[in-house]
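S.K.: Turn this into a structure:
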Amino acid sequence: MQIHLSPRNIALTGAIHAFIAEKITHLEEHGEQILAAHVVLLHDQNKKKPFVVKVHLAIPGPDIYCEDAEADLYAAIDKVVHKLAAQLSKRKTRRKDHKKHLTQLEREAAKRGFKRR
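M.R.: Presented below is the predicted three-dimensional model:
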C-alpha cells in the first residue's frame, strides 16, 4: 500500500508521518485491500478548528473519501480514521449480505429446477 502525504501550511515531521502510517495500516484489518491512501493535511489559523485532514482511499471498486476538522491535528486524524473504519465495515457488511442473497436465490432456483445464469 502506498501512502501519499500532502501537507499544506504544516511542517511534516517524522512523528506525524509515523502516526498516519500506523493508523492507515490498521484500516487493512477490516478485510479490504487498500491500494493507496492520499492524505491531505491543512492548517488555517483563522478558523475555529484550524486542522483539516482529508483522506482518499483507493480500493477495488468505488473509492472511499472522508474529511474532518479539529483544533488538534492528532484528534482530526483519529476522527477521520474512525469514520473510514465505519465506512469500510459498512462496505464489508453490504458485500457479505449481497453474496448471501445470491446464494439464497440459487438455492431457491435449484429447488424449483431452474438454473441461474
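S.K.: Check what pLDDT the residue nearest to Glu70 when sequence neighbours are not counted gets.
M.R.: Excluding the flanking residues, the one nearest Glu70 by CB to CB, 6 or more residues apart in numbering is Ala76, at 3.8 Å. Any C-beta I mention is one placed from the backbone N, CA and C, and that applies to glycine too. Listed pLDDT for Ala76 reads 95.
S.K.: Three-state assignment for Gly61, please.
M.R.: With DSSP: H, G, I helix; E, B strand; the rest coil as the basis, Gly61 sits in coil.
S.K.: remind me, longest helix of this protein?
M.R.: helix 73-112 (DSSP state H).
S.K.: Okay, buried residues for that one please.
M.R.: 73, 76-81, 83-85, 87-88, 91 (16 or more other CB atoms under 10 Å).
S.K.: Flag the least confident of these.
M.R.: Ranking these by pLDDT, Arg91 lands last with 87.
S.K.: That one: what's it in contact with?
M.R.: Glu32, Ile64 (CB atoms under 8 Å, 6 or more residues apart in numbering).
S.K.: What separation do you get for it and Glu32?
M.R.: Per CB to CB, to the nearest Å, Arg91 is found 7 Å from Glu32.
S.K.: again, but for Ala15
M.R.: Distance from Ala15 to Glu32, by CB to CB: 27 Å.
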